[in-house]
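**Q** generate a structure from the sequence data that follows.
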Amino acid sequence: MGSGEKCLRRLVGKWFGPSGMMTIRVVEFSRTPTDRRRYVRIGEARIDGTLTIVFFRHDDGSWNVFPAKRSTPAMHAYQLAA
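**A** Numbering: from 1, shown residues only. From the prediction side, this is the model:
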């Protein structure tokens, strides 16, 4: 489930809820090795363990919990002038 939020802070608040907002930390931020897209790993220490969610930046500027689709090469057929 990803909502396509432009604001990462708001999306983190939706996933972690208002009760955990004081204990949430950025664990890692970088780019994916294959297509260099941005991602942020957010974590929260809880009594029953650590909850970690990875948010991915999409081409339209939105953040989601699923990675963006890779752009694949496309072939186009054009009609040649006679």
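**Q** what residue is smack in the middle of this protein?
**A** Nearest to the mean C-alpha position of the chain, counting by CA atoms, centre = their mean, stands residue 56 at 1.5 Å.
**Q** look up the residues forming beta bridges with that residue.
**A** Listed beta-bridge partners, residue 56: residue 39, residue 64 (assigned using DSSP bridges).
**Q** give me every residue that touches it.
**A** Neighbouring residues of residue 56 by CB atoms under 8 Å, 6 or more residues apart in numbering: 32, 37, 38, 39, 63, 64, 65, 66, 67, 68. To be clear about C-beta, it is placed using only N, CA and C from the backbone, and glycine gets the same treatment.
**Q** please redo it, this time with the cut-off set to 6 Å
**A** Residues near residue 56 by CB atoms under 6 Å, 6 or more residues apart in numbering: 39, 64, 67.
**Q** cool, and residue 68?
**A** Taking CB under 6 Å, 6+ apart, one finds 37, 58 in contact with residue 68.
**Q** residue 44 is in contact with residue 52, correct?
**A** No. Counting by CB atoms under 6 Å, residue 52 does not reach residue 44; the two are 7.9 Å apart.
**Q** would you double-check that residue 14 falls in a strand?
**A** No. Per DSSP: H, G, I helix; E, B strand; the rest coil, residue 14 lies outside any strand segment and is helix.
**Q** for this protein, give me the ranges with low pLDDT.
**A** Scanning the chain for pLDDT under 70 picks out 1-4, 19-22, 71-74, 76, 78, 80-82.
**Q** can you give me the strands in it?
**A** 24-31, 38-46, 49-57, 63-64 (DSSP state E).
**Q** could you dump those strands into TSV with distance to residue 13 added?
**A** Compiled in TSV, these are given as follows (distance: least, CB to CB, whole Å):
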stretch	distance to residue 13
strand 24-31	9
strand 38-46	11
strand 49-57	12
strand 63-64	12
